[in-house]
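Participant: missing the sequence, but the structure's below:
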């Protein structure tokens with residue numbers, strides 16, 4: 001079903017119904033889990049910095065958290081591509097949902 005987006009008269013959105021909702025939710029859950037893991041790496045890394053003997057492992061956790069920060073936009077990009085392949089994503093869609 002095609003509908004006009006209220007925010008942009010030039011955008012036409014094609015809804016693929018329940019499948020679109022399932023896809024969006026799966027990627028949203030992946031993004032949330034990723035965010036929780038990033039927070040965990042940085043919290044544990046910060047705690048490990050309190051002791052000189054665990055500073056190296058804390059540094060590695062900070063690096064892991066930093067690398068994992070890149071995963072969130074990759075999840076959003078994958079979701080956007082997936083929806084576009086199914087005909088359900090509209091330009092600018094990803095900014096609205098996450």
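Facilitator: That came in fine, so what should we check first? None of these values were measured; they are calculated from a predicted model.

Participant: list the helices and strands the lengthiest helix in the chain packs on?
Facilitator: As assigned by DSSP state H, the longest helix anywhere in the chain is helix 18-48. For helix 18-48, the elements it packs on are helix 55-69, helix 71-86, judged by 3 or more CB pairs under 8 Å, 6 or more residues apart in numbering; DSSP states H and E. Just so you know, the C-beta spots here come from the backbone N, C-alpha and C atoms, and that holds for glycine as well.

Participant: Run the chain-centre distance for the shortest one.
Facilitator: Just to be clear, that refers to helix 55-69. Averaging C-alpha positions (CA atoms, centre = their mean, to the nearest Å) puts helix 55-69 19 Å from its chain's average.

Participant: ditto for stretch 28-47
Facilitator: 12 Å.

Participant: got the buried residues for it?
Facilitator: Burial within stretch 28-47, assessed by neighbour count using 16 or more other CB atoms under 10 Å, is assigned to 30-31, 34, 38, 41-42, 44-45.

Participant: Which residues are in contact with residue 46?
Facilitator: residue 58 (CB atoms under 8 Å, 6 or more residues apart in numbering).

Participant: do that again at 10 Å, thanks
Facilitator: 58, 61-62, 65 (CB atoms under 10 Å, 6 or more residues apart in numbering).

Participant: Between these, which sits nearest residue 24?
Facilitator: Among these, residue 65 lies closest to residue 24 (CB to CB), at 25.8 Å.

Participant: what's the neighbour count on the closest one?
Facilitator: 19 (other CB atoms under 10 Å).
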